[in-house]
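[1] mind looking at a prediction? Sequence and model below.
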Amino acid sequence: MSAVIAETSPAPEMRKRRRERGFTLLELLVVIAILGLLAALVAPRVMTLFGNAKQKIAQQSIGQLNDVLEFYRLDVGAYPTSDQGLQALVTQPSGVDNWHGPYLKEAQAPADPWGRPFQYRSPSSRTGLPYDICTYGASGQPGGSGENATVCNN
C-alpha cells in the first residue's frame, strides 16, 4: 500500500522544482500591460511639469539679465542698443567707454532654456520699459500658451 502512495504523490524534489520555475508568459504579459498603462497615464503629466519648469527657468534667466543690464547701464550710462544686443554684456561694443565687463561668465550671449538666443530690443516696444528681453517658448514663435507662451521682462 505504501508503494501506491509513493507513486501518486509528487516527490519533494518535484514540488520544489515547480515553485522555482518562474513566471508564466501570461503573468509577464499582465505585468507589461500594467506598466504600459501606468506609463501612458503618468508620462503626459511629467512632460507638462517639465515644460512648466522651462517657463520658470526662462523667467528667472530674464530676471538675472535685468540685473546684469542694470550694472551695464551704471557703468556705460545707457542700455545696449538693439544692434549691440546682449552680446554687449560679454564683449565690449565699439565706441562704448567705461565698459567694465564682461558682465557674464559665458563667452556668448545667454540662450533661453530651449537653446535659442533671447530676443533683445532697446528701446522697448512696450510702454514704461527701457528694453525688452523675451523668449518665445518651445515653439520659437511669438504668442502661444503653456509651454509655447512668450515670456518677457516686466
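    Structure received. Residues are numbered from 1 along each chain as shown.
[2] so who does V76 touch?
    The contact partners of V76, by Cβ atoms under 8 Å, 6 or more residues apart in numbering, come to V96, D97, N98, W99. From N, CA and C alone the C-beta is placed, and that goes for glycine too.
[3] same check, this time on Q84
    P93, V96.
[4] wait, S82 sits on Y120?
    Yes - using Cβ atoms under 8 Å, S82 is in contact with Y120, at 6.7 Å.
[5] so which of those two has more stuff around it?
    Taking neighbours as other Cβ atoms under 10 Å, S82 and Y120 compare with Y120 leading, 23 against 13.
[6] any idea which helix or strand carries the more buried one?
    Assigned by DSSP states H and E, Y120 belongs to strand 119-121.
[7] ok, now L38?
    Residue-wise, L38 maps onto helix 25-76 under DSSP H and E.
[8] can you give me the distance of A39 to G63?
    To G63, A39 is 36 Å away according to Cβ to Cβ, to the nearest Å.
[9] ditto for Q84
    21 Å.
[10] skipping its backbone neighbours, what lies nearest the residue positioned nearest the centre of the chain in space?
    Geometric centre of the chain, nearest residue: K54, 4.3 Å, by Cα atoms, centre = their mean. Once flanking residues are discounted, K54 sits nearest to P113: 4.2 Å by Cβ to Cβ, 6 or more residues apart in numbering.
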